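[1] Got a predicted structure here, sequence first:
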Amino acid sequence: MTRPVYSRLLRAGLVLGAFTLCFGVVAGARAQTELLNVSYDPTRELYREINAAFIAEWNAKHPDKKIATIRQSHGGSGAQARTVIDGLNADVVTLALAGDIDAVAERSKKLPLDWQKRLPHNSSPYTSTIVFLVRKGNPKAIKDWGDLVKPGVQIITPNPKTSGGARWNYLAAWAYAEKAFNKDEGKVRDYIAKLLANVPVLDTGARGATTTFTQRGIGDVFLSWENEAFLALKEFGADKFDIVVPSLSILAEPPVALVDGNVDAKKTREQAQAYLEFLYTPKGQAIIAKNFYRPRNPEAADAKDIANFPKVELVTIDDVFGSWKKAQPTHFGDGGTFDQLYKPAR
Amino acid sequence: MSDAILPSAVTATPARSPSRARGESPAVQVVLIAVSLAFLLLFLLLPLVTVFIEAAAKGWEAYRAAITEPDALAAIRLTLLVAAIAVPFNIVVGIAAAWAVAKFEFRGKNLLISLIDLPFSVSPVISGLVFVLLFGAQGYFGPWLQANDLKIVFALPGLILATVFVTFPFVARELIPHMQSLGSSDDEAALTLGASPWRVFFCVTLPNVKWSLFYGVLLCNARAMGEFGAVAVVSGKIRGLTNTMPLHIEILYNEYMGAAAFAVASLLAGLALVTLVLKTLLEWRYGDAIAASRRH
């Protein structure tokens, strides 16, 4: 009869299911010295190299407290902050801007509100800025921010609601406009509205926007992290794109922070702290420069890497906007200037 | 009786070609076939072929490296593990639900049927978000879960929950119409002959619907392995830990590793193709049995 076959199959299935479930839960709960770095989009290549170097150095010095691996999670900076708030077990967050880590501190209460004072240089071991990536030969003759609002120029930038890079883009454009129009608020808003009207699509993260521009071939100019622009040149060859450095840009300080609540629960504070401090060491700074981020300590880096960085007038967020705590609600909060000025494509 | 009538009805119109029988001109027939074939080639076969061509673009060594890299292996293992748990779960619950709907009359039955369809009508993103809202650190059960050191979202249980949710209807949806069309006369006959309820279930009910069940399981499995939206929300995207194959593919693509992304994609597509071939083989081998037991 068929009965034994079916019931045996069913029983086998149930046992298998139960077994895998138990196995999965146990494997998930097993304690290991593993760090989780929740980061933003363009740092993938940077942290791959940093992690390998740090693990080698740490394990050589602390054979009794070895780190097995450092896990990475990448996405739009705002979206990543959201997942940490929702419970992603990050030991450290390395996001695109202080505002996102502020959000984690306020909502999850897993790190103190004054976290940014805990490490040197506003907790930013590297800086970057915003540049333009254009198609080879610059067919639309884009030289500066003023050229972006010409009719027929398609601009690629991610969504400032979810992407940290996009917020830097937006504020850099705003800072330029304030200077160009002598702080005439009406003209500044008019400029930003025109700029946004030239954006055909808002990706959620910087990397998605890079792919839109480089691989899908959409747009004339890509407002990009400097490091992301260099990486695109490296990946696709310098014969496809040109980097255009505008007359003025913004000093972007992507900060890093320990998530106290998580490291204490996981008992990884010592390793996580050392991991963040490693970023400031000469070795860390050299890797940072090699991956096209501007190191805080240029002497530590290879002079060849430093020569890559163009000279550009950089304004800081504190100069123009006061601070992230002020800029964030004014420009990117619900009903902020971005919401007022952005009209999605008709 | 009907056997005696049918052949004569057929022989009464011996010379008619199938197309004429339906009253359509051959031109219409040709156009229809050409349009559907062109559509299939252009929108289904071409993208599939592209996946394999792109995967092979950098040669066999690169392909092998892409699918044996630790993060890729972890993603493959995780995808199989999630499917291995979600699919049996949905089989058991799907059979129970289909049984309840098909064999019994009770209040709220229509509501139950609508509920079974819910995952089909809800966007996968929402399916994922509800679990974050329930089990996330800021969610309803978040504080309790944290106090007891239990992890659901951004860990394996969350991935399984989301997958179970989106793939639940496949088995039940296949079984319900079939079980309804069969009615309960076979089961009642077995019962009156003295079989125990379990015996009726395993020897009569289950064998009767085995093809629908199998078909439902294949679809359920294909979706469980391929699900992206719901899983992306609850995964946390930790490489080597909570990245399933579809998520891993996106990550590779975003890291300018196109060939590697397509290599893993081809593996996933391969799994889907195996499912398809299996289904076709079964239909070819047991076509009559399936046709006899399936109404739709």
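    Right, received. Where do you want to start?
[2] Show me how far the helix or strand harbouring A:L35 is from its chain's centre.
    Counting by DSSP states H and E, the secondary-structure element that holds A:L35 is strand A:34-40. Averaging C-alpha positions (Cα atoms, centre = their mean, to the nearest Å) puts strand A:34-40 12 Å from its chain's average.
[3] again, but for stretch A:210-218
    18 Å.
[4] Next, the buried residues of it.
    A:210-214 (16 or more other Cβ atoms under 10 Å in any protein chain shown). To be clear about C-beta, it is placed using only N, CA and C from the backbone, and glycine gets the same treatment.
[5] any idea of the mean pLDDT for it?
    When pLDDT is averaged over stretch A:210-218, the result is 87.
[6] Same question for stretch B:179-186.
    83.
[7] So which residues make contact with that stretch?
    Residues outside stretch B:179-186 that contact it (Cβ atoms under 8 Å, 6 or more residues apart in numbering or on different chains) are B:98-99, B:101-103, B:204-205, B:208-209, B:295.
[8] Swap in 7 Å and give it another go.
    B:98-99, B:102-103, B:204, B:208-209, B:295 (Cβ atoms under 7 Å, 6 or more residues apart in numbering or on different chains).
[9] Following the chain past the strand holding A:L35, name the next helix or strand.
    helix A:44-61.
[10] residue ranges with poor pLDDT in the stretch 101-250 of chain B?
    Low-confidence segments of the stretch 101-250 of chain B (pLDDT under 70): none present.
[11] tell me how far the helix or strand containing A:D190 is from the chain's mean position?
    Using DSSP H and E, A:D190 sits within helix A:185-197. How far helix A:185-197 lies from its chain's middle: 26 Å, per Cα atoms, centre = their mean.
[12] Quick check: buried residues in it?
    For helix A:185-197, by 16+ other Cβ under 10 Å, it's A:188-189, A:191-192, A:195-197.
[13] Remind me what the helix or strand just after that helix packs against, helices and strands.
    Counting by DSSP H and E, the next helix or strand C-terminal to helix A:185-197 is helix A:206-214. Here helix A:206-214 touches strand A:155-156, strand A:221-225, helix A:226-236, helix B:245-254, going by 3 or more Cβ pairs under 7 Å, 6 or more residues apart in numbering or on different chains; DSSP states H and E.
[14] counting contacts, what elements does the last one pack onto?
    Here helix B:245-254 is seen to pack against helix A:206-214, helix B:70-103, helix B:229-235, helix B:258-285 when contacts are counted using 3+ Cβ pairs under 7 Å, 6+ apart.
[15] quick one: which of those helices is nearest A:T33?
    helix B:70-103 (17.5 Å; Cβ to Cβ).
[16] what's the angle from the following helix or strand past the closest one to helix B:70-103?
    Next along the chain after helix B:70-103, taking DSSP H and E as the criterion, comes helix B:109-121. Relative orientation of helix B:109-121 versus helix B:70-103 (axes from the mean of the first three to the mean of the last three Cα atoms, to 10 degrees): 160 degrees.
[17] before we move on, back to that, let me have the helices and strands packed on helix A:206-214 in TSV, adding distance to B:E174 and mean neighbour count as columns.
    Below are the helices and strands packed on helix A:206-214 laid out as TSV (distance: least, Cβ to Cβ, whole Å; neighbours: other Cβ atoms under 10 Å in any protein chain shown):
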stretch	distance to B:E174	mean neighbour count
strand A:155-156	45	24
strand A:221-225	47	27
helix A:226-236	46	21
helix B:245-254	24	22
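[18] In CSV: these, plus distance to A:V244.
    What follows is the helices and strands packed on helix A:206-214, written out as CSV (distance: least, Cβ to Cβ, whole Å):
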stretch, distance to A:V244
strand A:155-156, 13
strand A:221-225, 8
helix A:226-236, 9
helix B:245-254, 24
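[19] nearest to A:T129, of these?
    So among the helices and strands packed on helix A:206-214, helix A:226-236 is nearest, using Cβ to Cβ, at 5.1 Å.
[20] before we move on, back to that, how big is the angle separating the helix holding A:D190 from strand A:221-225?
    Going by the same axes, to 10 degrees, helix A:185-197 makes 110 degrees with strand A:221-225.
[21] Helix A:185-197 packs against which elements?
    So helix A:185-197, by 3+ Cβ pairs under 7 Å, 6+ apart, packs with helix A:164-180, helix A:337-341.
[22] A:K136: which of the helices and strands packed on helix A:206-214 is closest?
    Going by Cβ to Cβ, the one of the helices and strands packed on helix A:206-214 nearest A:K136 is helix A:226-236, 10.3 Å.
[23] Many thanks, I have nothing further to ask.
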